Each structure stands twice: as C-alpha cells, then as structure tokens.
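**Q** Got a predicted structure here, sequence first:
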Amino acid sequence: MRTHHPSRILSVLATVLLCFACGSGEEGQAAVSDASDAAHVRGHIAGMAAHHICSGVFVVGRDYERSAEEVVAQDIRRFDIFKWQDDFAYAVNFETRTASVSGEDFGTRSAEYNGDQGCTVLPAGLEDVTFEPQVVERLSPDPAVTAWPTGDVDAYHDPPPAEVDMATLDAALDWTMAQSEHNTRALMVVYAGKVLGERYAPGFTRNTPQISWSQGKSIASTLVGAAIQAGHLDAGLDDPAPVPKWQGDGDPRRKIRIRDILNMSSGLDFVNLGWRDSLSWTHTDEHRRIYFEGIDVFEHAVNQPMDRAPGEIYRYRNSDPLTANRIVRQAVEARGENWLTYPQRILFDRIGARNYVLETDAWGNFIISGYDYGSAWDWGRFGLLHLWDGVWPTPDGGSDRILPEGWVEFVSTPAPGAELLNYGGLFWLNRGGALPRAPEDAFWAAGFMGQYTVIIPSHDLVIVRLGPSPGDINAYLSDIVGEVTAAIDR
C-alpha cells in the first residue's frame, strides 16, 4: 500500500505511440485542417485523460490507493480509443487535488477533485468550479448491523437454493473472470433477493466505486421516477417537459413530453458520431463534448433545435438524459433543496447504496450520462429496486415505494420509435433478442466498455458486471447471462 505525502506532486512522462486511425479507411483518419485544429483535438484528448487520471486516483482510489502511473497504464494507455499520445506529460497534485495533462501545442488541461462531486474537467479560463462543493452524507443505517438488502447482514444464500447448481455457477463466474481481454473487475449475481456469487479482480472490492459510464442514464430515469413519486416533480410522463427555453410561442420543443425524453426520442438535433469518427474529438460531436471540453452540460443539452418530431424515432443521444436531470434539478431547487445531495437522499440512502459518486461539470450539473461511479453492490441494489417494481423492503419489516406504480413497466417497454425493440425508458431491452442467450424479458443499465446491470424478472435475477473491456462486449455479456442462467433450474 502506497503512502502519499499531501504535498507530493507526481509528474511522469508517458511513452506510448498515438493511434489516430483506430477505425478503417477514411473514417479513422484525424480530421485536422491545420495546426490549430490539431491542437484542439489534442487538447480534448488531454481533457478526458486528465479526468480519468483524477477520478482513477481520487474516486476509485478512495477504496484502495492507486497511483497515476497505474491509472494511465490500466485505464487509458492500453485502449486505443482514448488516443493517448507519446508526448503528453501528466501530473497529480495531492495538495490541490488536481490532475493535469500537458502538451506543447495546447498547454495544459486539468481536472479537479471536489470530494463527493468527484472530478470535474475545468474549462479554459477557469481555475476552479463555480459552485460550492457539498459533502454528501450517507444516511443509510450502519450496514454492519443492518439486514440485507439495505445493510450487509445476511446478504448471502446459506445454503444456496436447491434449484441452483453451484458447481455450474462457480464455473460460469470463473470463466467470466478468466477472459482477460475483457478486464472484468467486478462480477455479482443476485438471485431470489440475495447474493449468490461474486468475483473481484485484485485491488477491487464489492464497495469500490468504478466508472459506470452510461449506466448513469438509467439513474437519470430513476431520479425522475423517484421525484414524481415523492411529489417533488409535479408532472407525469405525458406532460410537456418543463424546460423554460422551450416555452416560446411557436417553439416546436413545447411538444416534447417527459416520456419522449426518457425514451431517448425527444427529436433534438444532437450529433452523435461514435468514438471512431474523424470528428469525434471536435466540437462537431455534440454527444461527446460533455466528456472532454468542460462545458455547461445542461445548457448544452437544451439549447438544441429539433430535426424530428417528438416520439418519432429512438436515437441514442446524451441530450435526453441530461435534459431529464436538468428538469429534476429545476424542481428540486424550486423547493429550496440542495441539488448536489438530492440523489443520495431521494434514492441511494433508501436502498443502502453508499458508494455512488455522480460527477459534475464546473457549474454543478451532474454529467449523469457518463461520468458516474458506483460499486458492484450499489448496482446490485439498484437492480433489485427495479426487479421489485420500485418497492424496497425497509429494515423495520415494512416497504418503501420509491418509484411510481407502473414505472418499471414503462422503462422496460420498447420506446415507440425503437424499431429493434432494444430501448425503453433509459434502459436497454432484450425484446428484440440483442442478447441471444438471455431471456426475452431481460433489461439492463449499460455503459461504455461493458458496464452492465442486468435485471431478469423471469429468473428473479440481477447480474452486475464492471470493468473496461475493449472487445465484443455484447457477445461477452450474452455468454455471461447464458452461463449464469444455465446454473439455475427454473
């Protein structure tokens, strides 16, 4: 275990060859017309790298100490998609709790750690965030003396249910971890309400917060449902989205409903080019700018025109979950409540999730469509909430309806514009057979590079898988689900 002096500044030159052409043909070529464009692209690459170093050290590292060298080697440099470059210099300052990446042509891009708000990519011209960071108290009962699922006591099946072939299950879990190219760091199986099996890579535990990427979109949906159920958001799925900028006379965005936003079918013209397009690291890719540019993500999301009618077509766009979260923030602050602590109070405390970190931009907006961290047991509890139709068993033997009745049915029903039947209310679905070895009723929160919380009502099952995979992750997930379900004789 390393010991860092608070004032220590770690600065190491990284040496790895840049792969600009990660795709094939013209699509994989860097679109730079001059040195200025190239510098912007490199600066954007450095901005995301600074974030990953900051969060890898200060967020993931709160469970076990990680050095910047480890984070760069394990989380960035090994993956061509992040385009780490051989002349980047990086540093971590433990006194100011910042990480920076520098290059001669673009200067320095930095990310700042703000405690329970995680790490924020600082925009050019700002040396600090513009909001007052808040301590997010975890107010769930002590897990060491509180029964599962809110606490940790009696969390495991003992003995396992008779219908479970534990030898087959253990073989499935061991096989999952043995696929080294997929870098699985946490694997958890919850069956019939309790933990049936789990595996963790060295250095990671059931409570280690790991980057969960777009699993956060499902958190955004859940926060909308919880706010509606609590009466904090005075709106329903079919009400117009209460976004002030959309309410002008003749503005077609007035017709966008909350349902359309959660179905990723708002119709907003929000460009998503994919990670391997020639313009992925430029201003043109509106979907990805939120990860590397240090912009106000909520304003970026709602200040977009429409190019399709609401509900007409499902398109995977960060604009919609960010808008959903903006709507909740607006309602919460109108009540005089603190936004930065709200997700913990309204959702996470109530299900015993103690390790979530929702990171923000410099204006205190959660970048909930990608920069969110949660542990395996956090996500297991999140999955159980949806398996149990939004009702949570309380430690006193009662129950707590956190999500409105019918909410889970909504999020697990295909959006009208999802022709492949693969997307619902900010959750992915198996109605169209996206995972051939999974039951048809499976639905899941999914994040970049293979972050998954799979809910399978027909099997009373939740499967959590975390870790950065560069491979064919859907085939891998399908096999994981197939191997696990094969161990349970229904």
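**A** Perfect, I can see it now. Numbering: from 1, shown residues only.
**Q** So which bits of stretch 316-328 are buried?
**A** Arg317, Asn318, Ser319, Asp320, Pro321, Leu322, Thr323, Ala324, Asn325, Arg326, Ile327, Val328 (16 or more other CB atoms under 10 Å). For glycine as for every other residue, the C-beta is placed from the backbone atoms N, C-alpha and C.
**Q** Next SSE downstream of the one helix or strand the fifth one maps to?
**A** Same thing as Pro321. Assessed by DSSP states H and E, Pro321 sits inside helix 319-334. Remark: after helix 319-334, the chain's next helix or strand is helix 342-343, criterion DSSP H and E.
**Q** for that next one, packing partners?
**A** helix 215-230, helix 319-334 (3 or more CB pairs under 8 Å, 6 or more residues apart in numbering; DSSP states H and E).
**Q** for it, what is the average pLDDT?
**A** Computed over helix 342-343, the mean pLDDT rounds to 98.
**Q** ok, now stretch 156-163?
**A** On average, stretch 156-163 scores 97.
**Q** Buried by neighbour count: which residues of that stretch qualify?
**A** His157, Pro160.
**Q** Tally up the residues packed near Pro436, please.
**A** 12 (other CB atoms under 10 Å).
**Q** surely it meets Ser478?
**A** Yes - assessed by CB atoms under 8 Å, Pro436 is found in contact with Ser478 at 5.6 Å.
**Q** list the contacts for Phe82?
**A** By CB atoms under 8 Å, 6 or more residues apart in numbering, Phe82 lies in contact with Ile45, Met48, Ala49, His52, Ile76.
**Q** which two of the residues you listed lie the greatest distance from each other?
**A** The widest separation within the contacts of Phe82, taken as CB to CB, falls between Ile45 and His52 and amounts to 10.9 Å.
**Q** next one: stretch 358-372 to chain centre, how far?
**A** A distance of 10 Å separates the centroid of the chain from that of stretch 358-372, by CA atoms, centre = their mean, to the nearest Å.
**Q** in that stretch, what counts as buried?
**A** 358-362, 364-372.
**Q** The stretch 351-490 of the chain: strands as residue ranges?
**A** For the stretch 351-490 of the chain, the strands defined by DSSP state E, counting those that start in this stretch cover 357-358, 372-374, 391-393, 399-401, 428-429, 443-447, 451-456, 461-466.
**Q** coming back round to it: can you list the buried residues of stretch 316-328 in a markdown table and add pLDDT?
**A** Shown next, in a markdown table, are the buried residues of stretch 316-328 (pLDDT from 0 to 100):
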| residue | pLDDT |
| --- | --- |
| Arg317 | 98 |
| Asn318 | 98 |
| Ser319 | 98 |
| Asp320 | 98 |
| Pro321 | 98 |
| Leu322 | 98 |
| Thr323 | 98 |
| Ala324 | 98 |
| Asn325 | 98 |
| Arg326 | 98 |
| Ile327 | 98 |
| Val328 | 98 |
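**Q** Domain map for the chain?
**A** 9-113, 128-272+311-490 (automatic domain parsing).
**Q** Put together TSV for these, with distance to Val297 on each row.
**A** As requested, those are arranged in TSV below (distance: least, CB to CB, whole Å):
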stretch	distance to Val297
domain 9-113	13
domain 128-272+311-490	5
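**Q** tell me, which of the ones you listed is the model least confident about?
**A** Looking at the domains of the chain, the weakest mean confidence is domain 9-113, a mean of 79.
**Q** can you pull the contacts of Asp378?
**A** Going by CB under 8 Å, 6+ apart, the list of residues near Asp378 reads Pro209, Phe348, Ala353, Arg354, Asn355, Tyr356.
**Q** brain fart, Thr341
**A** Each residue near Thr341 by CB under 8 Å, 6+ apart is listed here: Gln134, Val136, Glu137.
**Q** Now do Ser180: how many residues are near it, please.
**A** For Ser180, the neighbour count with other CB under 10 Å is 8.
**Q** ok, back up a step: which among the contacts of Thr341 end up buried?
**A** Buried among these (16+ other CB under 10 Å): Gln134, Val136.
**Q** which of the contacts of Thr341 lies closest to Leu429?
**A** Val136 (31.5 Å).
**Q** That closest one is in contact with Leu347, isn't it?
**A** No - using CB under 8 Å, Val136 makes no contact with Leu347, being 12.0 Å away.
**Q** Need the residues touching each of these two.
**A** With CB under 8 Å, 6+ apart, Val136 and Leu347 have no common neighbours.
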